[in-house]
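Undergrad: Predicted model and sequence follow; I will ask about them next.
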Protein chains: 6
Amino acid sequence: MFSLTVSDHIMVAHSFQGEEFGPAQRVHGATFVVEAEFRAPRLDRLQLLVDIGLAKTELRRVLDAIDYTNLDDYPAFKGTNTTTEFLAYHIHGQLAAACHEGRLGEGGRAVSGLKITLRESPNAWAAYEADLG
Amino acid sequence: MFSLTVSDHIMVAHSFQGEEFGPAQRVHGATFVVEAEFRAPRLDRLQLLVDIGLAKTELRRVLDAIDYTNLDDYPAFKGTNTTTEFLAYHIHGQLAAACHEGRLGEGGRAVSGLKITLRESPNAWAAYEADLG
Amino acid sequence: MFSLTVSDHIMVAHSFQGEEFGPAQRVHGATFVVEAEFRAPRLDRLQLLVDIGLAKTELRRVLDAIDYTNLDDYPAFKGTNTTTEFLAYHIHGQLAAACHEGRLGEGGRAVSGLKITLRESPNAWAAYEADLG
Amino acid sequence: MFSLTVSDHIMVAHSFQGEEFGPAQRVHGATFVVEAEFRAPRLDRLQLLVDIGLAKTELRRVLDAIDYTNLDDYPAFKGTNTTTEFLAYHIHGQLAAACHEGRLGEGGRAVSGLKITLRESPNAWAAYEADLG
Amino acid sequence: MFSLTVSDHIMVAHSFQGEEFGPAQRVHGATFVVEAEFRAPRLDRLQLLVDIGLAKTELRRVLDAIDYTNLDDYPAFKGTNTTTEFLAYHIHGQLAAACHEGRLGEGGRAVSGLKITLRESPNAWAAYEADLG
Amino acid sequence: MFSLTVSDHIMVAHSFQGEEFGPAQRVHGATFVVEAEFRAPRLDRLQLLVDIGLAKTELRRVLDAIDYTNLDDYPAFKGTNTTTEFLAYHIHGQLAAACHEGRLGEGGRAVSGLKITLRESPNAWAAYEADLG
């Protein structure tokens, strides 16, 4: 199995609902380093898994929608805690769709698995991975 | 599949038995950066895999038992080389038990897999991973 | 010249005033990895520059005052853009005072220079350094 | 499952054929940090997966064949784009053979899986992994 | 003294003249992570040292001139070994000029010192720093 | 001013004398990543500050004397706490001597400053720097 990973980052504010979150119930923020790992069982004739330029462009496009914002104001997230785990899942859905829609070219259509990792600090990170059908 | 990882570190001394170890047969030491990756197929209603505060506390509790010690003096390790691989396995067992015993809350009981990685230097690390039944 | 550095991090929200900031005029956030470098021309009889435990405790105490908050709500920062440069300067002042007040012990009183670095993302960071009189 | 990873690096030049590569069609270069992850379901009586000294030696031997070269001049790569994905696959084949041939000792013969990761920049890397039969 | 640092990277090929270079006399390559540290004794009214957007843009502009090239073909470098130290000096000159010419705005004109660091591998890097008059 | 830095690491055991050290009074250990920064105001005709191969060899030679040992057994350290700060000073003395003795060639004799940094964990490091006369 091959994989190709590109990374980028976002700087967002948010707050959490639930006593379990302690001080994180307050509006605070995070720099999330976002890593998108594309997997496929084989390379194309150019020896590429996906076009790395397209991969970076699509990851940025997905991140632009939430970068430099307060996620609490984002309608799609109303009533949902935007935990690191959840954001990994959210970005996964967006990039999986980009692959299906052909935004990452033929290579993107052939991607068989996708893993999104968000690093929130030097000692905590979360990920979501799933096969792409 | 979701995952959440927290990291911490320990500073221990030890020595190895066996000619294969060369100079590492002498008492020496290591800073081990320890990463604990918890896996689960879904998040709870708060969008959490496990409570990250409990995860850090339990990892620290497990590490406290061996931090700032000479592992050669630790009874449970008598006659066993405390290689990086072995220590990953040892910590895995301790944290898996913590999940089963409910020390990481309901989220911990729902953890389906656990991977422990120990980084011993910038160019060597080891891990042990297993499903939690 | 000797130096000892300890690091920690904070997760804060804030917004900036001024067209120059573009999208960062919106409420957003950051994980700031904060490095505090203490400098002194000599070590004490124990071969220490400052007690590393006290250094970590005081850095944490300074950071606790702003960690998991929206800096826009912090009275001391009203009318001031809490840029990375500014926050380095702010934390510098707090830790320099801690040294002068003896919170870092005799070693802290002997500190001759202090540098605070804040890393806001993998590709941007800022610092403030000054001699302590 | 256990794993042991060692890393090293190479500094190579190369160029790519295909309009998709844009400026990378020109002769350029890269520092590739190469990580070799060996996997096995159990450790030997010394608590080792593979001898880490042999692992580093064999990884270096494989890398020496291409380190400080222009990959465009390497006969085995004629007509093939030496993308990061491809180089991971190439190194995988060489190290898998080293395991099979006994160059990594008994531990190497017991390796059940091998993953090679090449990091080309702070925000892009690729890997190839496969079971060893 | 304040400082602000931005980083980026280039992927270049080159070769060195002189027996001292051993295998690096051959055409090979490197990913250079380039860090540009701007220094100034005070911030502007917005609490900025320099506009970070302009800093990133100008660093990229300087790097674009050599990114994805074989430095051996670059006329300005004929007869000169493009060592890491030399490239730091070269980029320093280009960015210092950008400050003087006002490409980094008023903040750039007020920059009193500039340090360029190039990381060529995990265990080697070089820098050039000088005051800007 | 130019600088060239090379890094390596050691894995040592030791213990500290003095109640201030708390649990670190016990025999424990550390992986120290050691960075040696050589400074000089100009490069030689090959555009080198020092021969990087010689720099790595001499750093390794200095480290070999203490690598994989218990520093408590090292005669030169009897009665001295081998703190991170102290070890930086010790290694600085050894490498400075290597420069003076010509072990780093003509470039080494021209080195005007040397800084040794030892990283003991992800969140603590120490350094010693001094001009070479």
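TA: Structure's in. What do you need?
Undergrad: host element of the spatially most central residue of chain A?
TA: Closest to where the C-alpha atoms of chain A average out (Cα atoms, centre = their mean) is A:I91, at 3.4 Å. Using DSSP states H and E, A:I91 falls within helix A:84-100.
Undergrad: Which elements pack onto the helix or strand that comes right after that helix?
TA: Next helix or strand after helix A:84-100 toward the C-terminus (DSSP H and E): helix A:105-109. Packed against helix A:105-109, as judged by 3 or more Cβ pairs under 8 Å, 6 or more residues apart in numbering or on different chains; DSSP states H and E, are the following elements: helix A:52-64, helix A:84-100. All C-beta spots, glycine's among them, are computed from the backbone N, C-alpha and C.
Undergrad: Which one of the ones you listed lies nearest to chain D?
TA: helix A:52-64 (6.1 Å; Cβ to the nearest Cβ).
Undergrad: Would you mind listing what in chain A touches chain F?
TA: Proximity of chain A to chain F, by Cβ under 8 Å from any Cβ of the partner chain, involves residues A:P122, A:N123.
Undergrad: Checking stretch A:5-17 against chain E, do any of its residues make contact.
TA: No. Using Cβ under 8 Å from any Cβ, we find that stretch A:5-17 stays clear of chain E, coming within 11.8 Å at best.
Undergrad: and that stretch, anywhere near chain D?
TA: Yes. Stretch A:5-17 is in contact with chain D by Cβ under 8 Å from any Cβ, via A:T5, A:V6, A:S7, A:D8.
Undergrad: Against B:A97, how distant is the residue nearest to the centre of chain A?
TA: Distance, A:I91 to B:A97, using Cβ to Cβ, to the nearest Å: 33 Å.
Undergrad: what is the mean pLDDT for the helix holding A:I91?
TA: The average pLDDT within helix A:84-100 is 98.
Undergrad: just checking, what packs against it?
TA: Partner elements for helix A:84-100 (3+ Cβ pairs under 8 Å, 6+ apart): strand A:28-40, helix A:52-64, helix A:105-109, strand A:113-121, strand A:124-131, strand B:2-14.
Undergrad: Could you save the ones you listed as CSV and add columns showing mean neighbour count and mean pLDDT?
TA: Shown next, in CSV, are the helices and strands packed on helix A:84-100 (neighbours: other Cβ atoms under 10 Å in any protein chain shown; pLDDT from 0 to 100):
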stretch, mean neighbour count, mean pLDDT
strand A:28-40, 24, 98
helix A:52-64, 19, 98
helix A:105-109, 18, 95
strand A:113-121, 21, 98
strand A:124-131, 20, 98
strand B:2-14, 23, 98
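Undergrad: looking at these, which is closest to E:T57?
TA: With Cβ to Cβ as the criterion, E:T57 lies closest to helix A:52-64 of those, at 16.2 Å.
Undergrad: quick one, that closest one and strand A:28-40 angle?
TA: Counting by axes from the mean of the first three to the mean of the last three Cα atoms, to 10 degrees, helix A:52-64 lies at 150 degrees to strand A:28-40.
Undergrad: quick one: is helix A:52-64 near chain C?
TA: No. Helix A:52-64 stays clear of chain C (Cβ under 8 Å from any Cβ), getting no nearer than 9.2 Å.
Undergrad: Is any residue of that helix near chain D?
TA: Yes. Using Cβ under 8 Å from any Cβ, helix A:52-64 comes into contact with chain D via A:I52, A:G53, A:K56.
Undergrad: what about dumping the CA coordinates of stretch A:126-133 to CSV?
TA: Extracted as CSV, the C-alpha positions of stretch A:126-133 are listed here (Å, rounded to 0.1, in the frame of the first residue of the first chain):
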residue,chain,number,x,y,z
ALA,A,126,-6.3,13.2,16.9
ALA,A,127,-7.2,11.5,13.6
TYR,A,128,-10.0,10.0,11.6
GLU,A,129,-9.4,7.4,8.8
ALA,A,130,-11.7,5.5,6.6
ASP,A,131,-11.7,3.6,3.3
LEU,A,132,-13.0,5.5,0.3
GLY,A,133,-15.5,3.2,-1.6
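Undergrad: That stretch vs chain B: in contact?
TA: Yes. Judged by Cβ under 8 Å from any Cβ, stretch A:126-133 comes into contact with chain B at A:A126, A:A127, A:Y128, A:E129, A:A130.
Undergrad: For the helix holding A:I91, buried residues please.
TA: A:84-92, A:94-96, A:98-99 (16 or more other Cβ atoms under 10 Å in any protein chain shown).
Undergrad: So what touches that helix?
TA: Outside helix A:84-100, the residues that touch it by Cβ atoms under 8 Å, 6 or more residues apart in numbering or on different chains are A:30, A:32, A:34, A:36, A:38, A:58-59, A:61-63, A:65, A:80, A:82, A:104, A:108-109, A:111, A:114-118, A:120, A:124-130, A:132, B:2, B:4, B:43, B:47-49.
Undergrad: again, only using 6 Å
TA: A:36, A:58, A:62, A:104, A:108, A:111, A:114, A:116, A:118, A:120, A:126-128, A:132, B:2, B:43, B:47, B:49 (Cβ atoms under 6 Å, 6 or more residues apart in numbering or on different chains).
Undergrad: circling back: of the residues of stretch A:126-133 next to chain B, closest to chain D?
TA: A:E129 (14.0 Å).
Undergrad: What separation do you get for the closest one and E:Q25?
TA: 45 Å.
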